[in-house]
Structures are given as C-alpha cells and as structure tokens.
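Trainee: I'd like to go over a predicted model; first the sequence, then the structure.
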Amino acid sequence: MGVLPSLPTHAKNNPPAKPTNAKDLAYWDGWYFARRQSKHSGEPGALFAIYRERVFRSDSHIIYQSQTWKKDDGNIIEEHMGGTSRDSQELSPVSFDFYSLSNGIKIELLGSIDGKQLSYEIFPQELKKSNRPKTLQQGTILTSFVPVWLARHIEELSAKRVLSFTAIYEDDHREPFRAASGSARMLSNATPEKDCFPISVRFEQLDSIWCIKKTGEPLEVQLTSQGILIESVSESIAQKALKEFKKK
C-alpha cells in the first residue's frame, strides 16, 4: 500500500482482480504518510507509517487493497488488507482478508459473508476462539469502505444531515470482526483549493475529519482524538521515504 510487493500467502494463489479492462473503474490509487501531531504546536511529527491504497470497481463489485508499513519500537510491521463489497448504495460486504508480519510472526484473517452470516478463519488456528459464524446487522459495511460509503452519501451529507453507519473491523484478531457504530456530518461545502469535501466522522467515540473527493479518495485525514495526521503524497515521494523508512 508501482507494483505491490509480495501478497499474503493465500492471495498468491488467487490474486485479487486488478482494473484491466473498460468495465473496470479506478476510484483511486494513492500513497499516504501518517504522522503524530505535536500536542502543543499541532505540527506533524515523525513519520510512523506509510501505506498505499487501491480502490476500484470490477463488474458488480468494489475492490479494496492496501499495504502498510508501520514502525513500532524500531520494528517494521508490514500489513496487507483486501476487501470486496457489492457496488450498491449499501456496499454490502462479500469477503475480506488481512495479513500481518511482525518480527517473523505472521497473522492471517480471512472472511466471507453470505447474506447476514459472516464465516471466518484465523491463522495460526490457536488464535481463533470460536467456529461459530457471526450474524451481521442489516447495512453493516467493512471499515475499509467507510470513505466510499461517505462518498455515496455526499448529497445527504451536503444537506446537513447527520448519518449513522455500522462497520466491522477486518484486522483485529483479538476480537475478530466486531461491529462498531459511527456517524458522519459535513463540516462545510467542498473546499475549492483542495477540491474535497470535509466530513466529520465519529467512530467508537473517536473523532476524525476526512477530506475526500467525490469518489471517496481521501486527500487528508485528521484523527483528532488520536493526534494523527494522514496526508496524500506522490508515489515518488512515498517510494523514496519507504527506502529510508526500512533502513532505520
């Protein structure tokens, strides 16, 4: 999250679809920096994560793919996440996968949804606490599709409506695929200089401000409750920073 580095083991056998023909539509393919903001000055601090996101439509589905490099106590954690939702206003989830590699320890989560029933696998198997499928609430989406969901509701948000949503986490093996509630409201009209819509989002009591395009592509995300700033950067800048990031 150029060409993505090696995908998770399960994805190598069945690589995710890529936008390759006229029927496919790229929503965005972007690189991002994540920094912690100073509590005093509000200025962005040291870079602690770099990631790439690709979102596109293929046939009747929306595909999400990301790759992330995070720095934690001097170690690099590499993560891959993928998801598929139906191309509809509801963005009903179909499947997802998550892969993490940290200090040689691999964790893998796979999930599929049939109607309201979510079935999943976790590797290593000893991390899985239950084999029972989960029942999803009507209208539940994947957290990775929140910006696309916001874009699908721009008109309602522009009318100063406060909208609610429910999303499930795809990347938490400790409490797999738990659902959480969120709400969104437009802060103002589109920001001309950035050509984006500033939307205030509260999810699990955490506040953030998303500046997104009409496709849902984030240009900037301020995780105000956590003091984190996420900014869109060019691929060339991201690739150069990533080389240095991995050296340290």
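Mentor: Yes, it's here.
Trainee: thinking residue 218 is in contact with residue 210, fair?
Mentor: Yes - between residue 218 and residue 210 there is a contact under Cβ atoms under 8 Å: 6.0 Å. Where you see a C-beta, it was placed from the backbone N, CA and C, and this is true even at glycine.
Trainee: Which of the two has more residues huddled nearby?
Mentor: The residue with more neighbours, out of residue 218 and residue 210, is residue 210; 23 against 20, by other Cβ atoms under 10 Å.
Trainee: what about the residue nearest to the more buried one when sequence neighbours are not counted, which helix or strand?
Mentor: Spatial nearest neighbour of residue 210, chain neighbours left out: residue 199 (4.8 Å); criterion: Cβ to Cβ, 6 or more residues apart in numbering. Per DSSP states H and E, residue 199 falls inside strand 197-203.
Trainee: Could you list the low-pLDDT ranges of this protein?
Mentor: 1-24, 39-44, 128-131, 189-194, 248 (pLDDT under 70).
Trainee: How about residue 110, nearest residue that isn't a chain neighbour?
Mentor: Nearest to residue 110 is residue 121, by Cβ to Cβ, 6+ apart, at 4.7 Å.
Trainee: Need the residues touching each of residue 218 and residue 210.
Mentor: residue 147 (Cβ atoms under 8 Å, 6 or more residues apart in numbering).
Trainee: tell me which element residue 64 is part of?
Mentor: strand 61-72.
Trainee: Now do the residue nearest to residue 110 against residue 143, distance only.
Mentor: 19 Å (Cβ to Cβ, to the nearest Å).
Trainee: need the contact list for the nearest residue to residue 224 once chain neighbours are set aside.
Mentor: In space, and not counting its chain neighbours, residue 224 is closest to residue 207: 4.8 Å by Cβ to Cβ, 6+ apart. Residues near residue 207 by Cβ under 8 Å, 6+ apart: 200, 201, 224, 225.
Trainee: What strand or helix carries residue 207?
Mentor: Using DSSP H and E, residue 207 falls in strand 206-212.
Trainee: Please find the angle between the direction vectors of that strand and strand 197-203.
Mentor: 150 degrees (axes from the mean of the first three to the mean of the last three Cα atoms, to 10 degrees).
Trainee: Strand partners (parallel or antiparallel) of strand 206-212?
Mentor: strand 197-203 (antiparallel), strand 218-223 (antiparallel) (DSSP bridges).
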